[in-house]
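**Student:** here is my input, please return the structure:
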Amino acid sequence: MKKYLFLLIASFLLVSCTEDVKFNNPAFQSLKDNVFWRAQNYKAHIETNGDLIIEGSLGFEKVTFKMPSTSSKTYILGVDNSTTATYTNLQPEQLAEFTTGENRGNGQIVVTEYNVENQTISGTFKFNAINLDEADLAKTEMNFTEGVFYKIPVYPNLEY
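**Tutor:** Numbering: from 1, shown residues only. Take a look at the predicted model:
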């Protein structure tokens, strides 16, 4: 009897074991102030002047990158206004905007691949953005580290 019970339990365990693999493709995620943050929606487009805009959003929160081209290279933040990273929270109780720009914040966006055929872009990022509201002394800086955007679809500007 014990053998049958053991066999029944062992077979139940073997049958119930499944491997649930979940792929994160495409993806836009990072550590926001050392807390995992993953965008639910993401998109990119190229403006008529050639600037590349990449956006990732989660509810009321949005991260936006602006770069002067789609070239695979490292874009340094905090040097000029042609390459910027912005974090915006539109929730009324937590309304805030943090940005990089000329002599404002720091970091980098590394474009590792722009796939012209599939119209996708991939890369990594990290940045420290400064609060635009200088009167808000409670939160003066927003920090994103270990950021990844992977195979984000790039739409033509007309469809955006």
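
**Student:** burial of residue 92, as a residue count?
**Tutor:** 7 (other Cβ atoms under 10 Å). To be clear about C-beta, it is placed using only N, CA and C from the backbone, and glycine gets the same treatment.

**Student:** check residue 145 too.
**Tutor:** Neighbours of residue 145 using other Cβ under 10 Å come to 14.

**Student:** can you report phi and psi for residue 92?
**Tutor:** phi -50, psi -40 (degrees, to the nearest 10).

**Student:** likewise residue 79?
**Tutor:** Dihedral angles for residue 79 - degrees, to the nearest 10 - are phi -100, psi -40.

**Student:** helix or strand next in line after the lowest-mean-pLDDT helix or strand in the chain, which one?
**Tutor:** Lowest by mean pLDDT, DSSP states H and E among the helices and strands of the chain is helix 2-16, with a mean of 56. On the C-terminal side of helix 2-16, the nearest following helix or strand under DSSP states H and E is strand 27-32.

**Student:** in whichever helix or strand comes after that next one, what counts as buried?
**Tutor:** Beyond strand 27-32 in the direction of the C-terminus, DSSP H and E gives the next helix or strand as strand 35-38. Across strand 35-38, burial judged by 16 or more other Cβ atoms under 10 Å covers residue 37.

**Student:** who does strand 35-38 pair up with?
**Tutor:** Its sheet considered, strand 35-38 pairs with strand 27-32 (antiparallel) by DSSP bridges.

**Student:** what pLDDT, on average, does the partner strand get?
**Tutor:** In this model, strand 27-32 carries a mean pLDDT of 94.

**Student:** quick one: contacts of that strand?
**Tutor:** Defining contact as Cβ atoms under 8 Å, 6 or more residues apart in numbering, one finds that strand 27-32 is touched by 36-39, 42, 54, 56, 63, 87, 125-126, 142-152.

**Student:** looking at those, which are in strands?
**Tutor:** Within those, residues falling in strands by DSSP state E are 36-38, 42, 54, 56, 63, 87, 125-126, 142-152.

**Student:** check contacts around the closest residue to residue 25 other than its chain neighbours.
**Tutor:** Leaving aside its sequence neighbours, residue 25 sits nearest to residue 151 (Cβ to Cβ, 6 or more residues apart in numbering; 5.9 Å). With contact taken as Cβ under 8 Å, 6+ apart, residue 151 is in contact with 25, 26, 27, 115, 118, 120, 121, 122.
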